[in-house]
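Asker: need the 3D shape of this:
(one chain, ligands or ions: 1)
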Amino acid sequence: MSEQPPSSDLQRLRHRIDGLDADIVRLLNERASVSVNIGLAKSKEAKTGRAADEHIHRPSREIQIYDRLETLNHGPLPTPAIQSIFREIMSASISLQREITIAFLGPRGTYTHQVACERFGDSVQYAAQETIADVFDAVESGAATYGVVPFENSTFGSVQATLDRFAKSVGGVKIRAEHYLGVHHALLVNSGTGRAQVRKVYSHPQGFGQCQAYLSQHLRGVERINVSSTAHAAELAAREPGAAAICSSLCASLYGLDILAHNIEDAKDNTTRFFIIGNASDNPSGNDRTLLFFTVDHRQPGALCDALSVLKKYGINLTKIDSRPSGQRPWHYYFFIELDGHVENEGVRLALEGLKEFCLDIRVLGSYPSQKPAAEDGF
Ligand SMILES: O=C(O)C(=O)C[C@]1(C(=O)O)C=C[C@@H](O)C=C1
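Answerer: Take a look at the predicted model:
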């Protein structure tokens, strides 16, 4: 590099960029040192060694930071660009505080994997799991610090494996954050395979459920095989001539497949909501939701209605209700409800106390900052 003073405009501008880069690196390291001290302060505050792990990722604090960036930013960089740069800054910041591992429904290329990367960036460890239950197991056993699981889809509804595993979770897995992802499916095949040659299609039940119109129009009568994830579907299809997979288009390069059709989902605004799980929920952010499940005495007429009326009494808004067979005996159900507020909010706490009176069993699965997409206020 020449040490001579810059002569042309281009050289002068590059010289200026070099100076700014030096400032950015210095400031990034200054920020990283503060973050290391935050990590030390958290460990000091934590009662047990385990609790220190649980509080490294702070969704409520991250929301404050992202919101503040939006206010601070006056361009020309668009706010989403600034926010994704900060995603990586916070990822590196987290990994300086402690090495953390994120378990996700694998293999690589699932929508859950995309959410894990969007959420935690490049500086943390990832551990692909074969099933949703394995993600829970990894978090419960401490093999992973946090886990990412799909919860519900805007077209096909709740992910049953996630609800069922939540109900079985005795180890106290708690939801820390929610994350919405727009989901666009592709039909992937081995090179040279046309639609007429497709003999079987692999996907996750949610993948099939979200692409029913395409399947009945273009692949009527073709065998459908449910597998544990959409990326596993791609893995399997890649081994078999005449097989196809419904999965993310990202799987084409990951598993050496061709894309036969893009955007085959029934609804163009098809969206899946995911949960980040850990061993504890975060503190209230001021705009939170809580998920819980309970059972009532079905022999009692109006038992569910009585239970829900407690929430009305305390002015608690319900945002979702679902039920699953409890597995304890036939026709006995777990009711899952999601409501506005955090378990540490006084109103929610009192409402849950009241609700207990009408339930045989009740378990809070966690409170988390609401990230409902702004454009979808009507749902
Ligand atoms: O504020 C904290 O608790 C931090 O750990 C710092 C920090 C950051 O880099 O700003 C890092 C990770 C958290 O998820 C949120 C914020």
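Asker: list the residues that contact the closest residue to Gln64 other than its chain neighbours.
Answerer: Leaving aside its sequence neighbours, Gln64 sits nearest to Ser285 (C-beta to C-beta, 6 or more residues apart in numbering; 7.7 Å). (Each C-beta comes from the backbone N, C-alpha and C, glycine too.) Contacts for Ser285 (C-beta atoms under 8 Å, 6 or more residues apart in numbering) come out as 59-60, 63-64, 342, 369.
Asker: quick one: contacts for the residue of the stretch 151-300 of the chain found nearest the ligand?
Answerer: Nearest to the ligand in the stretch 151-300 of the chain, going by C-beta to the nearest ligand atom, is Asp282, at a distance of 8.9 Å. Applying C-beta under 8 Å, 6+ apart to Asp282 gives the contacts 55, 58-60, 176-177, 367-369.
Asker: Three-state assignment for it, please.
Answerer: At Asp282 the chain is in coil, as set by DSSP: H, G, I helix; E, B strand; the rest coil.
Asker: what's the helix or strand for the closest residue to the ligand within the stretch 51-200 of the chain?
Answerer: At 3.3 Å from the ligand, Ser93 is the closest residue in the stretch 51-200 of the chain, using C-beta to the nearest ligand atom. Secondary-structure assignment from DSSP states H and E places Ser93 in helix 79-97.
Asker: list the helices and strands that helix packs on?
Answerer: Here helix 79-97 touches helix 9-45, helix 59-72, helix 111-120, going by 3 or more C-beta pairs under 8 Å, 6 or more residues apart in numbering; DSSP states H and E.
Asker: and the last one, what's buried?
Answerer: Looking back up the chat, that one is helix 111-120. Within helix 111-120, the residues scored as buried using 16 or more other C-beta atoms under 10 Å are 111-117, 119-120.
Asker: check those one by one and keep those near the ligand.
Answerer: Filtering those for neighbours of the ligand using C-beta under 6 Å from any ligand atom leaves an empty set.
Asker: now those as a markdown table including pLDDT?
Answerer: Output for the buried residues of helix 111-120, formatted as a markdown table (pLDDT from 0 to 100):
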| residue | pLDDT |
| --- | --- |
| Tyr111 | 98 |
| Thr112 | 98 |
| His113 | 98 |
| Gln114 | 97 |
| Val115 | 98 |
| Ala116 | 97 |
| Cys117 | 96 |
| Arg119 | 94 |
| Phe120 | 94 |
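Asker: which among the residues you listed gets closest to Ser229?
Answerer: For the buried residues of helix 111-120, the residue nearest Ser229 by C-beta to C-beta is Thr112; the value is 7.5 Å.
Asker: bridge partners for the residue nearest the centre of the chain, pull those for me.
Answerer: Centroid-nearest residue in the chain, with C-alpha atoms, centre = their mean: Phe274, separated by 3.2 Å. Counting by DSSP bridges, Phe274 is bridged to Pro150, His179.
Asker: show the contacting residues for it.
Answerer: Phe274 touches 111-112, 115, 148-151, 178-181, counting by C-beta under 8 Å, 6+ apart.
Asker: kindly report the residues of the protein close to the ligand.
Answerer: Residues of the chain lying close to the ligand (C-beta under 6 Å from any ligand atom) are 35, 38, 57-58, 61-62, 65, 90, 93-94.
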